[in-house]
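>>> Predicted structure and sequence below. I'll ask about it afterward.
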Amino acid sequence: MLAYLARRLLQLVPVLLVASFLVFVAARLTPQDPAVVMAGGRQTSTAVLEAIRAKYHLDESVPSQYLRWMAGALLGDLGESYRLKQGVSAMIAARLPVSLQLIAMSVAIALLAAVPLGILAALRKGSWVDILATSLSLAALSSPVFLTGILGILLFSYTLGWLPALGSGRNFAENLRYLLMPSVALALNMLALSMRMTRSGMIEAMRRPYIQTAILKGLPRRTIVLKHALRNALLPLVTITGLQIGFLLSGTVLVEYTFGLGGLGSLLVNAIQTSDYPVVQGLTLFIVSAFLLINLLVDLLYGIIDPRIRQA
Amino acid sequence: MRKSGSGRALPAAFALACIVLVATLSSCARAAPGASKGGSLSFAITGDIVALDPAQAYDFTTNPVVNEITEGLLRFSPTGELLPNLAEKWESPDPKTYVYHLRKGVKFQDGSAMGADDVVFSLDRIRDPKTASSLAWMYGSVDRIERTDDSTVRISLKTPDAMFRYALATTAGHVISKAYYEAHASNFGKPEGGLLGTGPFKFASWKPGSEIVVERFDGYWDRDKGPFLDRVVFKIIGEDATRVTGLKTGEIDATIKLPVDLLPVVRSIKGAQLVGVEGLSDDWIAFNTRRKPLDDPQVRKAIITAFNVGAVMDGIVKEAGVAAGNQSVGPALWTYEKAAWETFQNTVEKYAYDPARARELLAKSRGAGGFKAKILTDGDAFRVNVAQALQADLAKLGIQLEIEKVGEAELTTRQFSGKRDYDIVMGGWGADFPDPAANIQPFLHSSGMGEGGSDFAVYSNPKVDALIDQQSRSSDDKERAKLLISALQLAAADAPYIFVDHPKIFYAASEKVGGYTMSPIWYWDSIARGMYLKK
Amino acid sequence: MRRRPKAGRAVLLAASSLVALLCLGALLAPAIAPHPPQAIDLRSSFAPPSQDHPLGADKLGRDLLSRLLYGSRSTLLAALLVVASSTLLGTVLGLVSGYAGGLVDAMLSRIFDVLLAFPALLLALLIVASVGRGMANAVIALAVVYVPTIARLVRSLTLVESRLAYVEAAQALGYSSSRIVFVHIAPNVAPVVLVQSTIDFAYSILDLAALSFLGLGVQPPLADWGAMLAEGREYLLFAPSLAVAPGLAIMAAVIAFNLLGDGLQTRFDPGRRGA
Amino acid sequence: MTGGNREGAGRPAIFEARLLEKTFPAGPRDLLGRSAGRLRAVDWVDISVLEAGILGLVGESGCGKSTLARLALRLIERDAGSLSFRGEDIGALDGRGLSRLRRSMQIVFQNPFASFNPRFRVGTVLREVLRVHRLAPGAERERTEGMLARVGLSKELLERYPGELSGGQLQRLGFARALLVEPAFVVCDEPVSALDVSVQAQILNLVAELRESLGIAFLFIAHDLRVVEHISDRVAVMYLGRIVESAGSGELYLSPLHPYTRGLIRAIPSPAGGSSFLRDRASLIRGEASRLLEAPRGCRFRPRCPVAMARCGQEEPGLTGVGPGREVACWLHHS
Amino acid sequence: MSGLLSLRGLRVAFAGEGGAAMAVRGVDLELEGGEGLALVGESGSGKSATAKAILGLHDMSSTAVTGSVRFEGRELLELGEAELRSFRGRGASMVFQDPGTSFNPLLRMGEQVAEAFRSVAGLDRKAAREAALGLFSRLGIRDPVTRYAQYPHEFSGGMLQRMMILLALAGRPRLLVADEPTTALDVTVQAQVLLFLEELKEELGMAVLLVTHDMGIVAETSTRIAVMYAGRIVETGGTAEVLGSPAHPYTEALLEAMPRPGSRGTRLATILGLPPGVYEADSGCPFFPRCRHALASCMDGLPPSVEAGPGRKSACFRTHSLSLRGIA
């Protein structure tokens, strides 16, 4: 297991290196001149522009800038934001909690709703419960995050005044209320997909011979469903969860923007819109690393659930 | 100053008149009945601040925050006159020398006393290219800043500069504690390092992307004027609808910069107050006068004449601005020689909407028979809408106008890059100082053609350049007005720009907020100093 | 007892009709739209629904219904371009990678690994930010983003097919590799690819809308639904239909294609019917 | 056709494999993802098939029979050893040579349902063979119809899709497709194991008939000794990658030498009730074969062998001739 | 005659694409306590569906099971879920074809075995563990404690099938239904498993209904045989008698198609054509189109099952007029 983990981690290195290079080059392809953007726009003198370029090493060649950046990145220093003049690492650290809590709540909402619903729909295949759950999941799967977000604000905050429209709370408990609407908006897609996955996995699992063995043992239906079928049904769900978290990471971009949350997503949008390369680069590298690690964790989790994989 | 519709830079605007729209209640007097000391107020800003640093405070989100913490040597009156602040008085013995006498007993928020060393350090720091301050240009003509004694600072200029006097009332004139800066050299202005000044509120916390909190400074020197609130929380909310919703639900007590179409919504919120002030900004469209066929003034005039600005005012701008009459200097900026400016405004050729004349003009121009061109803009809804209106009008003339919508940063880069890679560009601009020249020199002087310059039309007319240079060296406002008007008259014949309107800026608050009157120059000054919450 | 298959056919029928309706709307837009989509009429700014403007008008007084109809053209066309190009490229790369194996497979797989290390929308965002905004670039970006997913899928299907006896038989009969890959294997992975690309169609509508929402999509005065939604969002509190109508249109289109994907899946993969 | 001695003494070999070896990576992987172990699927195998002869190859699942079939056709490449067809070294053939070889050697697979591209009509599949090899230009239709008749199928099937046919029909089609290029040697990889007994009989009859009328040689692989015995001239028994015994078909069945062969025969349930293992429990082979990652020390059958000796744990016995046309790899029979 | 199990007119139909797929079309079968009966047929003949119907294992949402299944006089088709649960494992139990999929791949083997003891035999957790470990030992598994914590894929197929058999017998059922229990196994392992089953049968005295397609296995294990064709039983009788002199043409054809010692070099008899499809309605004798003894009159309705000798029945119109070949 340890060797497996080490091997998987080792495999990430070239992927991350190439990805970091792509990100770096992509950021440099943009038509914006960071020095001009930083100067804020006004009869800026060439001297000031030159000073800005020197300060941020923009006058060096791209490869040397890349090496400088990577060297820093390895030590945890992702450079300094052009626009906000802060260390990118510190900015990420400061905004991470919001995004983490948002994603965690979304995952929790999605899975807590999806799994029971999926089981129910599978066990009552063809019933009105199934049809309703399947139809709702289709609608949820097809609703853009940003639409649900603004409709939520319009309905629950502006019209009904039930939920806060924006921002985050001062502590975890308060955040539960503040982040409810954003996380639901964010969770819908994952919920729908997970529900479908659970449902089809459950239907598939219930057809397996070992379920007949379990029936033969005279086990109560509850045990058959929860102990024997569910675990097998969850395997495909686990597989897509890594991918789903990728969707969530993308989704935070839209949700945080809509709900005025100071997380990584809104940071990224702002950075892209203002050509703040160091933030775009650093944050993308961070998200990619996080995404790869999450996928690795998901794979490990898969191994924990499925002994066949663990020992292969 | 570059003005952006979506929230980054300031529309610098100065008004003699402040048009006040009051939805329900607006309290101008301080310490009104029912006022109470203390409380926490949440104020929505549209984006995160750049830094807790006056050297970087040059936009609508950073300034309101920084202005609570640090202050300038001078401040502007609501009508644009210079008033004493940290400097008790000042004089200019000759056009190249300014002497400032500092107020005594002013303390920084850590209790240390403010002195001339702090002032010299603060101003020099902004001037230093290494600081890369967006405001450094304000000190472009400064030669030396020196301490004469512990309470006197003397500034010498290389050449006379008619507009230098205003700089010290802006964030470029804000004073920070030298000792504090040196103790926090590595993280000054960042969330960990913070900022220390003499202002009514002291920095408490900054959760990047979410909120910045400032708390009352009890040792504030001007104790009568404030501060009254315990705490101000600046919440960062990019989405306009979210902000207005917050105002309705009570999560937001006050905010600025509301889009025109949401104004009726704000008015419909029970107990909300809404104030709009006429800024001295311009929404402008610049022709690249080096690009064919736009290099022909006849073509430009044809376009202006074909453009139904009146319809744009009625349908798009609505109450959020006043018609510019195709001039960059609006009445609010006639801070001297008002009569002369008024006469000029009434007589100058404006190329008013006249489709028939437009067709004639075009037929006689190098663009006869129509052509294709591109207009560059960012995603700001107002600009996109205006561009589409222009597009529709020009289509009738046989000119195919393509809209190139780019990101805000790209628009900035291309506006200010030396390459001038556009046919027509649309943007916003606001004067930094209460002086007509602030909206003339940047647009028309050929020195702005290069990198970092703001001559968006790539307009070069030696006569215009000479007139502008001449007024800059003069300290006689009457003469300056004459020179500037002459320059504008010459330029009007070349029609390098369309000036659409002078936009307004709106402040909205819940009814319980009192103690603030929005002035046209609000962004160089503290908002929360006098604010209180009614019981 | 015959409920499931019938339900499957009903799903397919419903989905196809919905898709057909959408395409019809897009094709016939010039004939059925009450106004030209870009006709500005500032007097009708925010006009409520009326005889003249069945769904009302936007800020510039343009007819919402007409813009929706025309918007479906750019929305569907862009999604079609994304899906067509990514599917074509992804399928070819996946087939080659899966059948050739060895170094070719290893190299292509590593490239896919890198691209898949980015959350999809994030990569698209990054690409558009670097090559510039606009519909063409958004389409290219999303196509790039979708290629590795399809290629991976096709690769794994190809691996499965390659081990089937009919492929071995073709090898034993001395058929060329390209014949085996493109004549024999390709048609057998096609149904799964078709299902996937239908679902990708739904996703690309959403992703294009997201890019447009962030202002990176089509250029005015053209509007796809995403751009209309982004524009309408500013007027949400007093003219919600300007945002909600394109939003619902997006949803309807996405539902239609998702449903079509489900229906096709059931049809091509009877073993998993009902699942 | 008589059941007499058709072991074909004097007939030349059409196909020979010598010291054939194939391993696959298996077992735990190291940091770089390389597998430490190698599964020895085919381990120094010698076989030869005589002209117009049928060599039966029998063995339990995982013993390497199918790998051997694919090695013979060069559908996968061997690690070591030599292959020859009518004396020509086919191990070294290039693409062109291989293409020529594939008109002489063909294969029929185990699963008839996977043997045909489900997207193509039967006629298309068959005509494609002719077209690719430029056989019978212009007369493709006649040729395919003729071939269908030969394998006992109606020409109406040409317009059908494989999915519409039964397993037996498909397996006949498999033969038809293989025979279109007029091969001299056909490898049958468990062609009847997926079929019901009534259909199995049809295929066995077909193979016998094809050998008889066309003189085609077969390598007939199966796990069912009764089937192999019925169809083959000679039988080779494979155990964990190695041939452990080979002999004339009847001879092997009557007097098996290797303990594995003996156990295999004893384990066959007999409908005639003759040699019931239930009455002779002692002769049963115990345990199950487990895949070999490393070359074993001693005989690979030793763990299950009822008569293992000390020597069996030390050295692995090689295949040794013990009589005319008989070879066995067991220390019991080494003199 | 106090039969253990009695099937009467059993029909099983699945919801299929073309409507109801009739897998079992009226099966009558008797089984005595302690008896070994083999149910033989080719794929698709309905033998497995019949076996599953006895244990009530069909998915009732997509399957219709009608007729009568009486076990010790109780009608099983009328049992409720709870009653069925207590019947399974104690009254009758079942072993499936593929031991590799009969166990839950994600649960430890020991736990799965112990679970059966807890549920069927009513043991507590500790006793169930002991019982499971005992079962491991009985199977000759070395180091049972370690193996207890292993997963199904770490066991060989033969071992799994033997475990499955023991597990099925945990509640001492009177009937064990074994559905092709050795088809997925190698022939040497098959012999071991069949032997194991035989020993248990002797030890416990239960009846075994063995479903298989292999006449050899039938001969080795069962005293009685029932031959199925197209959803019906066409012939029943003592194994030796039926194999020695079949009464139904289908049985005869089946036997003649088998390669056997001495058949080398001869043509095997074949059965031409295909059995009727599951959607096809009955018209005449279902074996009629493939039967080499068929007469035109065989098309007149379904042949009834008639006495064909002592303890023998055959569903052929010509039962008494034919003399068929068997294998000695």
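Looks like it came in fine.

>>> rest of the way, CA atoms for contacts and neighbours
Will do.

>>> isn't residue D:186 right up against residue D:216?
Yes: contact criterion Cα atoms under 8 Å: residue D:186 and residue D:216 qualify, at 7.2 Å.

>>> got the contact list for residue B:270?
Counting by Cα atoms under 8 Å, 6 or more residues apart in numbering or on different chains, residue B:270 touches residue B:248.

>>> What score does it have for pLDDT?
Looking at residue B:270, its pLDDT stands at 87.

>>> and it, helix, strand or coil?
The three-state label for residue B:270, taken from DSSP: H, G, I helix; E, B strand; the rest coil, comes out as coil.

>>> now swap in the one 3 residues further on and tell me
Secondary structure of residue B:273, reduced to three states by three-state DSSP: strand.

>>> quick one: it from residue B:237, how far?
Per Cα to Cα, to the nearest Å, residue B:273 is found 19 Å from residue B:237.

>>> out of those two, which sits in the more crowded spot?
Using other Cα atoms under 10 Å in any protein chain shown as the criterion, residue B:273 and residue B:237 rank with residue B:237 on top: 28 against 23.

>>> Give me the spatial nearest neighbour of that one, chain neighbours excluded.
Nearest non-adjacent residue to residue B:237, counting by Cα to Cα, 6 or more residues apart in numbering or on different chains: residue A:260, 4.6 Å away.

>>> So what does the one you found have for phi and psi?
When read as degrees, to the nearest 10, the backbone of residue A:260 gives phi 60, psi 40.

>>> residue ranges for the strands of the stretch 101-250 of chain E, please.
E:175-179, E:207-212, E:224-229, E:232-238 (DSSP state E, counting those that start in this stretch).

>>> count of neighbours near residue D:87?
Neighbours of residue D:87 using other Cα under 10 Å come to 12.

>>> Just confirm it contacts residue D:12, I think it does.
No: look at residue D:87 against residue D:12 with Cα under 8 Å: they stay out of range, at 9.3 Å.

>>> show me the contacts for residue 298.
By default, I'm working from chain A. Residues in contact with residue A:298, defined by Cα under 8 Å, 6+ apart, are A:238, A:239, A:241, A:242.

>>> switch to chain B, that's the one I care about
B:361, B:362, B:364, B:365, B:366.

>>> Nearest the middle, which residue of the chain would you pick?
Just so you know, I chose chain A. Residue closest to the average C-alpha location in chain A (Cα atoms, centre = their mean): residue A:249, at 2.4 Å.

>>> you looked at the wrong chain, it should be chain C
In chain C, the centroid-proximal residue (Cα atoms, centre = their mean) is residue C:201; its distance is 1.9 Å.

>>> That residue touches residue C:81, doesn't it?
No: counting by Cα under 8 Å, residue C:201 sits too far from residue C:81 to count as a contact (9.5 Å).

>>> can you pull out the helices in the stretch 351-500 of chain B?
Secondary structure of the stretch 351-500 of chain B by DSSP state H, counting those that start in this stretch: the helices cover B:355-363, B:381-395, B:408-416, B:441-444, B:462-473, B:477-494.

>>> Sorry, wrong one. I was asking about chain B.
Applying DSSP state H to chain B gives helices spanning B:62-69, B:116-127, B:178-183, B:240-249, B:263-268, B:297-306, B:309-312, B:338-347, B:355-363, B:381-395, B:408-416, B:441-444, B:462-473, B:477-494.

>>> in the last one, what counts as buried?
Going by neighbour count (16 or more other Cα atoms under 10 Å in any protein chain shown), the buried part of helix B:477-494 is B:480-489, B:491-492, B:494.

>>> Return the per-residue confidence for residue D:162.
On the pLDDT scale, residue D:162 gets 91.

>>> Pull the residues that contact the lowest-mean-pLDDT helix or strand in chain C.
When the helices and strands of chain C are scored by mean pLDDT, DSSP states H and E, helix C:3-27 comes last with a mean of 80. Residues outside helix C:3-27 that contact it (Cα under 8 Å, 6+ apart): A:126, C:69-73, C:76, C:253, C:256-257, C:259-260, C:262-264, C:266-267, C:273-274, E:17.

>>> Quick check on the residues you listed: which are buried?
Among the contacts of helix C:3-27, those scoring as buried are A:126, C:69-73, C:76, C:253, C:256-257, C:259-260, C:262-264, C:266-267, C:273-274 (criterion: 16+ other Cα under 10 Å).

>>> Just list the residues touching residue B:488, thanks.
Listed by Cα under 8 Å, 6+ apart, the contact partners of residue B:488 are B:440, B:464.

>>> quick one: pLDDT of the residue of chain B most remote from its centre?
Here chain B reaches farthest from its C-alpha mean at residue B:369, the gap being 40.4 Å by Cα atoms, centre = their mean. The model reports residue B:369 with a pLDDT of 88.
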